[in-house]
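Novice: 3D model of this:
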Amino acid sequence: MDLLGEDFDGILTVDYYSANRAFARRGEVRTQYCWSHLLRDVNFLRQLGRPPQEADALNISRRFDRHGAPAYFRFLDTPGVEPTNNGTERAIRQPVLDRRITQGTRSVRGLRWCERAWTAAATCSQQGRSTFRFFRDALVAYLTHSAAPSLLPASP
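Specialist: Predicted coordinates for the structure are as follows:
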């Protein structure tokens, strides 16, 4: 809960990645499991060309038993909850590609810089702001010992 904060009362749309499952296991966060991932798994079983072996189907069955139907069907009765995590995966695609291409960083300091730079870039993109202008303004503020630009959305 350190990441989300103690007062988080939302619903996380997640896949079967271990970090996402950790939130679900704690039971403190309501989840919506991604239907794209579920359908991909079911499609895999369908395309085997043979009846699935017990081990092939057991994984999906265990997931339903472990997480229960609400974790797969919240989107049906909760306004604003998406059935997939496709939006989230699209949002992190560029940092993931960058990490793969560059092989990441070699220091904790470099890792922190990359995390912050990609977060700033994604936030600017979501807000329709110029990422270049934000970084330019941040650099000017640093060099002139001025207040850094904010990533918080402007108040209406």
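Novice: And the pLDDT at H37?
Specialist: For H37, the pLDDT comes out at 85.
Novice: roughly how far apart are the closest residue to it other than its chain neighbours and R40?
Specialist: Spatial nearest neighbour of H37, excluding adjacent residues (Cβ to Cβ, 6 or more residues apart in numbering): D15 at 4.6 Å. No exception for glycine: its C-beta is placed from N, CA and C like everyone else's. Using Cβ to Cβ, to the nearest Å, we find D15 at a distance of 10 Å from R40.
Novice: now swap in A121 and tell me
Specialist: 29 Å.
Novice: So between these two, which is more surrounded?
Specialist: Counted by other Cβ atoms under 10 Å, A121 and R40 do not tie: A121 has more neighbours, with 16 against 11.
Novice: Y33: neighbouring residues, count only.
Specialist: Neighbour number of Y33 under other Cβ under 10 Å is 26.
Novice: Equivalent analysis for S61, please.
Specialist: For S61, the neighbour count with other Cβ under 10 Å is 10.
Novice: Can you classify it as helix, strand or coil?
Specialist: helix (DSSP: H, G, I helix; E, B strand; the rest coil).
Novice: Tell me the confidence at it?
Specialist: For S61, pLDDT reads 82.
Novice: ok, now G27?
Specialist: Confidence score, pLDDT, at G27: 61.
Novice: next one: the one 3 residues further on
Specialist: As predicted, R30 sits at a pLDDT of 82.
Novice: distance of it from L76?
Specialist: 14 Å.
Novice: more crowded one of those two?
Specialist: R30 (17 against 10).
Novice: Isn't the more buried one up against H67?
Specialist: No - counting by Cβ atoms under 8 Å, R30 does not reach H67; the two are 10.9 Å apart.
Novice: Overlap of the contact sets of these two?
Specialist: Here R30 and H67 have no joint contacts, going by Cβ atoms under 8 Å, 6 or more residues apart in numbering.
Novice: Please enumerate the strands of the protein.
Specialist: Taking DSSP state E, the strands of the chain run over residues 11-14, 30-33.
Novice: tell me the most buried of these?
Specialist: A comparison of the strands of the chain by mean neighbour count, using mean count of other Cβ atoms under 10 Å, puts strand 30-33 on top with a mean of 21.
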